[in-house]
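[1] using only what follows, build the 3D model:
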Amino acid sequence: MHAPAFVSILAAVGSALLFQAAPASAESHTGMPTLTAQFDGGPCATTIDAKANIFDDSDQVSIGYQTNDIAGTGSAGCGSSLVAVVNWRNVDSGGVGSVSRHMFHNETNSISFAPGAGRIAIELTTLSTHLPDASRLEVVMHG
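    Numbers count the residues shown, from 1 in each chain. Purely as a prediction, here's the structure:
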């Protein structure tokens with residue numbers, strides 16, 4: 001084989017190998033409507049800003065959130081946390097679940113669950129007084 005032909009074949013094989021590398025992991029980060037809630041045991045209030053995080057190489061949905069105390073709502077007698085609840089339903093399979101956790105003042109954290117592949121209806125709410133009645137979102141999990 002002549003040297004130029006060999007180099008051309010080698011270049012073609014190298015290019016083919018580059019384009020057959022593992023596909024990049026797709027991900028989505030979808031914001032949820034803001035929820036305003038009262039901390040347990042007092043007049044203090046917070047906003048809860050959340051987003052649903054989905055990664056194609058994972059079976060988990062992660063709800064990342066941040067609580068932000070509302071100025072002027074007082075601090076005397078405030079509780080230190082509130083209980084947030086994430087209810088989910090797999091619209092395609094019928095699976096359902098619920099996850100809860102304590103949220104604290106000015107906190108950044110997450111709540112995760114594994115709903116399976118399909119369209120997932122997610123609802124974030126609290127056990128304390130809050131507005132609106134829930135923060136809702138629908139996402140798609142790939143299998």
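
[2] and Gly79, how far is that from Gly42?
    For Gly79, the distance to Gly42 equals 5 Å [C-beta to C-beta, to the nearest Å]. Any C-beta I mention is one placed from the backbone N, CA and C, and that applies to glycine too.

[3] sorry, slip of the keys, the one I care about is His29.
    33 Å.

[4] please say which of the two ends up with more neighbours.
    For His29 versus Gly42, the count of surrounding residues by other C-beta atoms under 10 Å is larger for Gly42: 15 against 11.

[5] and stretch 32-52, what's buried?
    32, 35-40, 44-46, 48-52 (16 or more other C-beta atoms under 10 Å).

[6] pLDDT weak spots in the protein?
    For the chain, applying pLDDT under 70 flags the ranges 1-25, 73-77.

[7] how about 90 then?
    Counting by pLDDT under 90, the chain has low-confidence residues at 1-27, 40-44, 55-59, 71-80, 142-143.

[8] can you show me the strands along it?
    With DSSP state E, the ranges of strands along the chain come out as 27-31, 35-38, 45-55, 61-69, 81-90, 96-104, 108-113, 118-126, 130-131, 135-141.
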